[in-house]
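# sequence and computational prediction follow.
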Amino acid sequence: MTTRHSAGILLFRRNGDDGVEVLLGHMGGPFWASRDAGAWTLPKGEYPPDEDPLAAARREFAEELGVPAPPGEPTPLGTTRQSGGKVVTAWAVEGDLDPDAVVPGVFEMEWPRGSGRLRSFPELDRVAWFDLDRARELVVTGQRVLLDRLAELLGA
């Protein structure tokens with residue numbers, strides 16, 4: 001079995017209280033619709049072995065959110081392995097983005113399963129800013145380490 005690799009950008013901003021907020025997206029589609037905890041992710045996506053991971057992270061940010069990644073300097077957060085085996089490589093970028101400006105990409109899947117009908121769903125059905133404590137409660141378990149690494153880098 002081949003390991004799947006994803007790359008993403010963890011966008012963060014500093015608030016006036018010396019705190020940090022991160023931008024997360026709630027995964028779209030019927031499986032995630034009624035879930036909250038563990039259903040949020042940084043904007044990321046799979047990439048082929050011949051693509052530069054940072055270029056893939058920027059491309060996936062734009063594809064998933066419909067807007068380009070802010071131009072800030074990317075800081076490597078390393079990799080993490082999610083429960084399904086996917087390896088996620090991430091960079092932190094300081095910047096701002098209005099969640100209302102997001103126009104999510106879509107994917108198609110057969111739904112309901114076995115029906116033979118293809119339906120379109122948004123990659124991310126909501127996007128919001130969260131402080132690090134709340135983000136840890138909501139993000140996919142395998143990505144929590146990325147939040148911890150960001151907090152360590154920023155002394156938050």
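Received it, and whenever you're ready, just let me know what you need.
# for the top helix by length along the chain, packing partners?
Counting residues, the longest helix found in the chain (DSSP state H) is helix 53-65. Other elements packing on helix 53-65 under the criterion 3 or more C-beta pairs under 8 Å, 6 or more residues apart in numbering; DSSP states H and E are strand 5-14, strand 44-46, strand 87-94, strand 124-131. No exception for glycine: its C-beta is placed from N, CA and C like everyone else's.
# any chance of those strands in JSON lines, plus distance to A151?
Formatted as JSON lines, these follow (distance: least, C-beta to C-beta, whole Å):
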{"stretch": "strand 5-14", "distance to A151": "10"}
{"stretch": "strand 44-46", "distance to A151": "19"}
{"stretch": "strand 87-94", "distance to A151": "10"}
{"stretch": "strand 124-131", "distance to A151": "11"}
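# now R117: how far from M109?
As for R117, its distance to M109 is 10 Å (criterion: C-beta to C-beta, to the nearest Å).
# now do the same contact list for the closest residue to L24 other than its chain neighbours.
Counting by C-beta to C-beta, 6 or more residues apart in numbering, L24 lies nearest to W40, which is 4.2 Å off, once chain neighbours are set aside. For W40, the contacting residues are L24, G25, H26, M27, F130, A135, L138, V139, V140, by C-beta atoms under 8 Å, 6 or more residues apart in numbering.
# and stretch 119-133, what's buried?
Across stretch 119-133, burial judged by 16 or more other C-beta atoms under 10 Å covers F121, P122, E123, L124, R126, V127, A128, W129, F130, L132.
# err, stretch 75-86, not the other one
Quick answer for stretch 75-86 (16+ other C-beta under 10 Å): T75, L77, T80, K86.
# do the same with stretch 144-156
R144, V145, L146, L147, R149, L150, A151, L154.
# before we move on, what about stretch 97-114?
Neighbour-count burial for stretch 97-114 flags L97, V102, P104, G105 (criterion: 16+ other C-beta under 10 Å).
# among the residues you listed, which one sits closest to D50?
D50 lies nearest to G105 out of the buried residues of stretch 97-114, by C-beta to C-beta, at 22.0 Å.
# ok so, going back, any idea which of the buried residues of stretch 75-86 is closest to R4?
Nearest to R4 among the buried residues of stretch 75-86 is K86, at 4.6 Å by C-beta to C-beta.
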